[in-house]
Structures are given as structure tokens and as C-alpha cells.
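Asker: got a predicted structure here, sequence first:
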Amino acid sequence: MTVKPTEPHTTAEPAEQRSHPLAGEMETLPHSPGVYLFKDPQGKMLYVGKAIDLRKRVSSYFRKTGSENMKTRVLLKRATELEYVITSSEKEALLLEASLIKKHRPRYNVILRDDKNYPCLRIDPRDPYPRLEIVRRFRGDGAFYFGPYHSAHSVRETLRLLNQLFPLRQCKSRNLVTRQRPCLNYSLGRCLGACAGKVSQQQYADVVAQVVLFLQGKTDMLQQRLRQQMEQAAKILDFERAAFYRDRLQAVAETLEKQHIVSNRLQNQDVLGIYQEEQGTEIVVLFVRQGALVGQSSFDIKEAQGEKPELLTSFIQQYYAEGRYIPDEIVVPLPLDSQEILEEWLSERRGKSVRIWPAKRGDRKYLLTLAEKNAREKFAGHRKWRRQEKNLLESLQSILRLPACPLRMACVDISNIQGMHAVGALVVFDRGQPDKSSYRHYHIRGKDRPDDPAMMAEVVERLITEDAQLTASLDLLVLDGGKGQLNRIHRVLAAAGIDQELPVIALAKEQEADRGDKGRGLYEKVYLPGRKNPLFLSRFPAILHLLQRLRDEAHRFAITHYQHRHRSRLLSSMLDSVPNIGPKRRQLLLQHFGSVEKLQQAGIEELNGVPGLPRNVAEALYEYVCQDRSSQ
């Protein structure tokens, strides 16, 4: 249902109600649960909210209480249209709200732009010889998942430590590949040699159980089990096995001394701290696993409007929506909107009971205070960084004499080898930081010889015609090239009539032989339209570094896409004549082996180990690869 502003009602309105065009239509809203949507004059979604009672909730936006925040005033100033959807229950409203936010990404809602899933450790004890692996998504497949870890570095360090404590196999193949001789890790005492039959399945399973106990925080039980196994081995005079358990016991004890225990509850908890000012909101999540603080993650919520309970509710909806680990308990600073509904939804997703706990005292309050302190410090750091970034962009505007501050800059780069498999890439920086949702890549059409200016012109022309909204949002276009590229692209922009609205410059790499090692990176040339000689920014290293970061990111993005396309084409041409291998299996083989060269070196056992590849297809492929190797 859509509500649009009409002429003011003749009936008297409450004195506290705002004189907003939409305020007079509140009587048309039902007293029912549902979702409401504010839109701007262009029909773009500004805000999505849920309510138990739509009329009461939406009417609260138009009452002067003296406590409304600046963002609510800005939202109402821009809103010209209101839509609402009635639902049968509050839970249905919550799910619909989350779906609409994910689809439309409204400006004033909580939007988690850092939507990556943090790494965790996975081990499946149902496999005969399982291994520890790093994954980024929790699945209901019966395996054990531990984490998340706040960075890839921390999870790699944890995996390295576990490989030293518990010598499980470290080979990359998901299924165990038998060998006649074990790998080097076996000789170093870091693998049990399952591939060469050096350990029984039962002995291997015992070590897997020890890993699980350690990661679950049941270290007392683990130490007791290791001590019993050591004593049993010593009784039967198996001193080599006893020494093995003794070394594991000592290593576990040393590791536990380094852990920082912050809670005696030995639970898996996520602790949410929030800090809010007029300029924005910061939310920090502390990861507590079995009483030990293992990491944290922070989120800059920026323009999201609402009070703390509303923001935290929306954050929980998005953060735990897809693939993230859901702990036993989520600690929050105050009771939340629809808390019981949220607990029910989280419990359904996890398959076990989940509790949202507003902390008031004890260990939970201590953890919450720590999270809020981190949120306050992160907010102060982001505010300082934004102020510095704004000054830097204003200086860039002054030096280049741009008509507007370059808040959104894009860079275009081309990647090819002698014109083959040429691709174009465009990356966008928003206020000095990558905006990956605006990245674009293009397959260059009909170019069989290297011609960078022509390829770049094709990319810019397609950007203008196919993505006008992105083009209009840009304040500066940077080219990875020199005068030739600049002149060609300037003509393209002039022909489109946007050369005044979208300034363009070219950043040319310096010649290393001209400068030597001294001052490297400070003498790159900046070409401007209508200017004969290049501009050097050596006196402004921070500004030059910003342009170099933009250029280097475009180069990385272009190279990555070129390599992917090049490998795919090579693999496709190689496998076109192999029976029963189509596009999906070609992609499967490329993902499994990583390159054509590794596929060509693969043996029949490795091909049979490719998940989803039938044995007869693997044998046909092996015969083809053998013939190909013999013909070389």
C-alpha cells in the first residue's frame, strides 16, 4: 500500500504533530504488524522499518518530542512517499524487513558493507582421516566448526599451532590419497603418516578427538585423557607412544598459559558494544570462545538512523543472516526490540537454543564495558581518519583545479598480452576507500592487436551508455596511462557532453632508469587536459599516494580478471575434445587444480579425487592428458 501527500486535512491535528506532507495520512494506516518504507521523490528507498502497530510506529516520526535526532529530521525532509506492507505476525515483519534491506540497501538503515564472513576452522570426525581446514561459511553438514577468527592471519597462526600440537594430515586434498612413502611432515613429527599406513584409523581418531576437545575449551578433560594414555603406554613398555603423549601434554599446558581468559562461564559468546553520536554509530563485536577472548570486529554504521535498541536489532538481523557462526549467547547493553522473536529466529537458524542477554552485572557486564570502550575508540579513530581524508581530497581538488571535491574517484586500466583475452577494469574509491560494489570489468570486443587507447575508449563508452547512474556519481576519472590515453578519453567524454561534469586525468608510471632508487614513486607524471607538460606531485606525497593506491587497485583488479579469463580459455580449448566435459566440469577442474599446468601433471588418482567428477570421465581425461604429454 502506498501513501502519498495530499492537501492538509480540515480536521484539527494534535498540537505535537509535525506539519509534514505525509503526517496527515496517518489515519489511513492500520493497527497491524507490518513493514513501512520511506522513499524520496525519485522513488528510491530511504528507510525500511518494521512495527507491531504500523499506525503508532509511523506516527511517532511526526511528533515533536524534543529528542528526535538529526538523521530522523533529514530522513523526513527527503521523504515524499510512504509505503507499507501488512504482515500476519511480528516475526513475518522482521523477516520481510531483513529481506527488503538486503535487496534495496536503503541509505538510513544499518548496512553492513563489510559483509565478508570471517574465517573459521572446520573438521569432520566422520571422515576416516579428517584434516583441519580454514573455511569462511558455517554449514549444517554435521562437521565441527570453531571460530570465527577476526583475521586470516590469526586463523593461520592457530592452525599452525594446532598442527604442532596434534599431527593430523596437512595435505590439501579433501580425501586421503595413498602413497608409498609419507611426506616430509611425517619425518618432522608433524604428521601421523596416514597416507602411507603408518597409523591405524583408531589411533588417528583419538588425535582428532583431542583436537576437538582443545578447540571446545575442554582442556582439563584433554589433559586428563593425555595423562591416562601416557601412563597406559608406559605400563605396556611402549615408551615411544608414551613420549608422544608426554610431548602433547606439555605443549597443551604451555599453550594454555598464553590464553587470556575473560569469563569463567566457558561459553561461546558474542558481545555487542555500541557507541553513538550525531555523526554516526560504531558497533564492535567481541568473540569470546569458551571464556577466552579470541578477536573482535568493528562496523561503522554511518548514516543509519534510530535509537540503540533499533540499531542493534537491525544489526543482529543482518550480521547472523547468512553463514556466520551463531554462539550460545549474544550479550547486548539493553533490552532489544522484538527480543523474543530474534531469539526464536536465531535458534531456528542454529538448530540449538540461543539467548540474547542484556548485561547488568558480573562477567557479562565486564565484557560489555570492554566492547563499548572499543566501540568508542574505533569511532574516534574513524572520525579522525574521515577528517584527514576530507582535507586530503580538498587539497587534491585545489591542486588539480577540479570543479568539485573528488569524493568518488574511478580509475580505468586495461590488461592483455598482445591483444589476446583483453579485459578492461574500473575501480571506484569513495572518500578514499575502495567501494567494491561499484567495481566493473569488461571483455574488450573485436580487438586482436594491442591498442590501449582504443580499448580504454571502449571501456569508457560502455560505462557511459550502460551505467549512467554510476557515471553521474563520479567526481574524477583517472586513467592508467599517458597523453595518448588522456586525449582519446577526453574526446569520448566531450562527445557525450559530460567533459565538464566528469574531469579526467592520466597517471603515468615513472621510468625507473630515470630516477634510480632515490625518490622512487615520487616522480610519476600526472597529465591534465589542455596542459602540455605533466604535473609532478612530489611535493604532495600523501595526495600522490592516494592516486597511486587507486591506480594500483585498478591494475590488480584488471590483472586478476585477465588471468581468470586466460586460464578459462586455455582450459576450455584443451578440454573441448574430451567426451562428457562441459562448461561446468571445466570450471570444476580449474577450481580444483588452479591452473592448466597442474592439471596436465595430474595422475589418475588425483583426477579420481576431484569431487563431482565420475570415474569414467576421469579415466578419459587421464588418457587425453597422457596423449597430450607424449606429443609434446
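Answerer: Cool, the structure landed.

Asker: burial count for Ala468?
Answerer: Ala468 has 12 neighbours, counted by other CB atoms under 10 Å. In this view, the C-beta of every residue, glycine as well, is placed from N, C-alpha and C.

Asker: same question but for Lys436, I mixed them up
Answerer: 12.

Asker: list the buried residues in the host helix or strand of Ala375.
Answerer: Taking DSSP states H and E as the definition, Ala375 sits inside helix 362-400. Of the residues in helix 362-400, 363-364, 367-368, 370-372, 374-376, 378-379, 382, 386, 392-393, 396-397, 400 count as buried by neighbour count, 16 or more other CB atoms under 10 Å.

Asker: same deal with stretch 321-340?
Answerer: By 16+ other CB under 10 Å, the buried positions in stretch 321-340 come out as 321, 324-327, 329-333, 336-339.

Asker: which two in those are spaced the farthest apart?
Answerer: Greatest spatial distance among the buried residues of stretch 321-340 (CB to CB): Tyr325 and Asp337, at 23.6 Å.

Asker: still on that earlier bit, any idea which helix or strand comes after the helix holding Ala375?
Answerer: Sequence-wise, the next helix or strand downstream of helix 362-400 (DSSP H and E) is strand 408-417.

Asker: between that following strand and helix 362-400, how big is the angle?
Answerer: 80 degrees (axes from the mean of the first three to the mean of the last three CA atoms, to 10 degrees).

Asker: on contacts alone, who are the packing partners of strand 408-417?
Answerer: Using 3 or more CB pairs under 8 Å, 6 or more residues apart in numbering; DSSP states H and E as the contact test, the elements touching strand 408-417 are strand 420-430, helix 452-466, strand 476-480, helix 541-575.

Asker: which of those sits closest to Ala496?
Answerer: Nearest to Ala496, of all the helices and strands packed on strand 408-417, is helix 452-466, at 5.1 Å by CB to CB.

Asker: least confident secondary structure element in the protein?
Answerer: The helix or strand of the chain with the poorest confidence is helix 512-515; it has a mean of 46 (mean pLDDT, DSSP states H and E).

Asker: can you map out the helices along the stretch 151-300 of the chain?
Answerer: Applying DSSP state H, counting those that start in this stretch to the stretch 151-300 of the chain gives helices spanning 152-165, 184-187, 201-215, 219-235, 239-258.

Asker: could those go into CSV alongside mean neighbour count, mean pLDDT and distance to Asp53?
Answerer: Output for the helices of the stretch 151-300 of the chain, formatted as CSV (neighbours: other CB atoms under 10 Å; pLDDT from 0 to 100; distance: least, CB to CB, whole Å):
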stretch, mean neighbour count, mean pLDDT, distance to Asp53
helix 152-165, 16, 72, 45
helix 184-187, 14, 81, 63
helix 201-215, 17, 82, 46
helix 219-235, 15, 78, 50
helix 239-258, 14, 69, 53
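
Asker: adding distance to Glu97, write those helices out as a markdown table.
Answerer: Converted to a markdown table, those look like this (distance: least, CB to CB, whole Å):
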| stretch | distance to Glu97 |
| --- | --- |
| helix 152-165 | 32 |
| helix 184-187 | 50 |
| helix 201-215 | 35 |
| helix 219-235 | 42 |
| helix 239-258 | 43 |
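
Asker: show residues contacting stretch 131-144.
Answerer: In this structure, residues lying in contact with stretch 131-144 by CB atoms under 8 Å, 6 or more residues apart in numbering are 116-126, 145, 152, 155-156, 159, 162-163, 168-171, 211-212, 215, 323-326, 351.

Asker: whoops, stretch 83-102 was the one
Answerer: Stretch 83-102 has contacts (CB under 8 Å, 6+ apart) with 1-3, 29-30, 32-37, 39, 45, 48-52, 54, 58, 109-111, 314, 317-318, 321, 338, 341-342, 344-345.

Asker: of those residues, buried ones?
Answerer: For the contacts of stretch 83-102, a neighbour count by 16+ other CB under 10 Å gives the buried set as 3, 29, 33-37, 39, 45, 48-52, 54, 58, 109-111, 314, 317-318, 321, 338, 341-342, 345.

Asker: touching, Pro182 and Leu188? I think so.
Answerer: No: Pro182 is beyond contact range of Leu188, at 10.6 Å (criterion: CB atoms under 8 Å).

Asker: neighbour count for those two, which is higher?
Answerer: Applying other CB under 10 Å to Pro182 and Leu188 shows that Pro182 carries more neighbours, namely 18 against 10.

Asker: pLDDT score assigned to the more buried one?
Answerer: Pro182 carries a pLDDT value of 82.

Asker: where does it fall, phi/psi-wise?
Answerer: The phi and psi values for Pro182, taken as degrees, to the nearest 10, are phi -70, psi 170.

Asker: also the one 10 residues further on?
Answerer: The main-chain torsion angles of Leu192 are listed as degrees, to the nearest 10 and equal phi -80, psi 0.

Asker: what's the burial count for it?
Answerer: By other CB under 10 Å, 22 other residues sit near Leu192.

Asker: please apply the same query to Gly43.
Answerer: So Gly43, with other CB under 10 Å, has 8 neighbours.

Asker: isn't it right up against Ala79?
Answerer: No: with contacts counted by CB under 8 Å, Gly43 stays clear of Ala79, the gap being 11.6 Å.

Asker: ok, now how distant is Gln305 from Glu348?
Answerer: According to CB to CB, to the nearest Å, Gln305 and Glu348 sit 29 Å apart.

Asker: which one of the two is surrounded by more residues?
Answerer: Neighbour totals were compared for Gln305 and Glu348, and Gln305 leads with 25 against 11 (other CB under 10 Å).
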